[in-house]
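Visitor: The amino acid sequence is not available; the structure is as follows:
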């Protein structure tokens, strides 16, 4: 049996080599479909890894308070993933921040108030710069490493700022921006720190820190009366106190807002779950769309195999006349179809990851490589080869040897 399979394999390879151009074009049809699937699975795997990183054990004791959007969790996550920073009107206040910070199990509280305004450096204006008003506790809640200088500090003068890496590059040509000054809303600020390049567009704050300026919220509220807190980040003392703290925060804020449910409280785990579910759904839908090109490639293989059967009718007659069974003929042509499809799968796997790598050069999503993707592409390629090669193989196996011997090209 092993010898028979080896013989069929070599015969299939020889047949495909005789028609290299046709073989390559047929395999290319499968390669395009497989490459599309690999690219989708790789990029969605990378995004899922970013979401998982934001909900790992280091964030297990993180709580978020946001203004109520009136949407379900999935709808809120769509807004977060698209990074629109389009927040609903908020009634969260600095007093709410103080109320939460006074609770017994709370170890750190950081408000997030985002605005897009013009920044003036010397005589040059920068429009729509992302300004994030927050507090010193933000450094104790999320990992935002400093490249130069220090973070916001209440012991310093209030009109200080910390720049994201890309913002420092844009405004001052590099991260060496300590003691540099700029103007925001008529107020002068001095740079005391520059963040390391973070390259993390998906986070619970919906903030691209690389392209932001961080200032002190208490100071910002003295000259910007309309400032709105879009989110309050809270870290509890222990993971065991998360549920109790959520209940306490809910009671305190409901009391201060006279029972109004204009806010929502979620843990990092609750925030990450709908994001993962949404991403899986999107991944399945995109993969289904990409599979259409596989069907097109499969039809191409079937067409080429039918042409091959027609061209080799006399060869089939000769093989049957010297003792080859219909099963032998079927396996020979089925092997050709499978090899053709698997070749396309290998090409597609390589092309998919090359595409994912090229995209990673202009985006923060590094290619996600896993054995699951390799198994999926291998299984799909094998299935296409069998499904679209079985009909031509059966047609070849059913040919009458007498009629086939009379066939001339």
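Guide: Cool, got the structure. Computed from a predicted model, the values in this text were never measured in an experiment. Residues are numbered from 1 along each chain as shown.
Visitor: center of this structure, which residue is that?
Guide: Relative to the mean C-alpha position of the chain, the nearest C-alpha, by C-alpha atoms, centre = their mean, is the one of residue 47, at 2.4 Å.
Visitor: did I read that right, that one in a helix?
Guide: Yes: using DSSP: H, G, I helix; E, B strand; the rest coil, the assignment for residue 47 is a helix.
Visitor: so it touches residue 367, yeah?
Guide: No: checked against C-beta atoms under 8 Å, the pair residue 47 and residue 367 is beyond contact range at 11.8 Å. In short, each C-beta sits where N, CA and C put it, glycine included.
Visitor: any low-confidence regions in the chain?
Guide: When the per-residue scores of the chain are filtered using pLDDT under 70, the ranges that remain are 1-2, 4-5, 8, 50-59, 69-89, 199-204, 268-280, 364, 407-409.
Visitor: can you list the domains in it?
Guide: With automatic domain parsing as the criterion, the domains of the chain are listed as 2-52+276-405, 92-261.
Visitor: quick one: the last one to chain centroid distance?
Guide: Spelled out, that is domain 92-261. Mean-position distance between domain 92-261 and its chain equals 26 Å (C-alpha atoms, centre = their mean, to the nearest Å).
Visitor: From one end of that domain to the other, what's the distance?
Guide: With C-alpha to C-alpha, to the nearest Å applied, domain 92-261 spans 11 Å between its terminal residues.
Visitor: Same question for the longest strand seen in the chain: list its buried residues.
Guide: Of all the elements of type strand in the chain, the one with the most residues (DSSP state E) is strand 106-121. Residues 106, 107, 108, 109, 110, 111, 112, 113, 114, 115, 119 are the ones in strand 106-121 that count as buried (16 or more other C-beta atoms under 10 Å).
Visitor: Strands of this structure, residue ranges please.
Guide: Remark: strands assigned in the chain by DSSP E are 62-67, 106-121, 124-134, 146-149, 160-163, 181-184, 187-195, 212-216, 231-236, 263-267.
Visitor: Tell me where this structure has helices.
Guide: Along the chain, counting by DSSP state H, helices occupy 2-18, 20-54, 73-81, 94-101, 138-141, 165-172, 217-223, 242-256, 268-311, 313-321, 326-360, 371-397, 401-405.
Visitor: got JSON lines for these, with distance to residue 187 too?
Guide: Rendered in JSON lines, the data for the helices of the chain read as follows (distance: least, C-beta to C-beta, whole Å):
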{"stretch": "helix 2-18", "distance to residue 187": "73"}
{"stretch": "helix 20-54", "distance to residue 187": "33"}
{"stretch": "helix 73-81", "distance to residue 187": "30"}
{"stretch": "helix 94-101", "distance to residue 187": "18"}
{"stretch": "helix 138-141", "distance to residue 187": "20"}
{"stretch": "helix 165-172", "distance to residue 187": "16"}
{"stretch": "helix 217-223", "distance to residue 187": "6"}
{"stretch": "helix 242-256", "distance to residue 187": "29"}
{"stretch": "helix 268-311", "distance to residue 187": "34"}
{"stretch": "helix 313-321", "distance to residue 187": "86"}
{"stretch": "helix 326-360", "distance to residue 187": "39"}
{"stretch": "helix 371-397", "distance to residue 187": "51"}
{"stretch": "helix 401-405", "distance to residue 187": "91"}
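Visitor: Looking at these, spot the one closest to residue 156.
Guide: Proximity of these to residue 156 was assessed by C-beta to C-beta; the nearest stretch is helix 217-223, lying at 10.6 Å.
Visitor: packing partners for that closest one?
Guide: Contacting helix 217-223 under the criterion 3 or more C-beta pairs under 8 Å, 6 or more residues apart in numbering; DSSP states H and E are the following elements: helix 94-101, strand 106-121, strand 124-134.
Visitor: Name the residues of the last one that come out as buried.
Guide: Of all the residues in strand 124-134, those buried under the rule 16+ other C-beta under 10 Å are 129, 130, 131, 132, 133, 134.
Visitor: So which of those residues is the closest to residue 328?
Guide: Where those are concerned, and distances follow C-beta to C-beta, residue 328 has its nearest neighbour in residue 130, at 69.2 Å.
Visitor: if we can go back for a sec, Throw the strands of the chain into JSON lines and include distance to residue 390, thanks.
Guide: Conversion of these to JSON lines gives the following (distance: least, C-beta to C-beta, whole Å):
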{"stretch": "strand 62-67", "distance to residue 390": "54"}
{"stretch": "strand 106-121", "distance to residue 390": "59"}
{"stretch": "strand 124-134", "distance to residue 390": "58"}
{"stretch": "strand 146-149", "distance to residue 390": "61"}
{"stretch": "strand 160-163", "distance to residue 390": "63"}
{"stretch": "strand 181-184", "distance to residue 390": "69"}
{"stretch": "strand 187-195", "distance to residue 390": "59"}
{"stretch": "strand 212-216", "distance to residue 390": "58"}
{"stretch": "strand 231-236", "distance to residue 390": "57"}
{"stretch": "strand 263-267", "distance to residue 390": "52"}
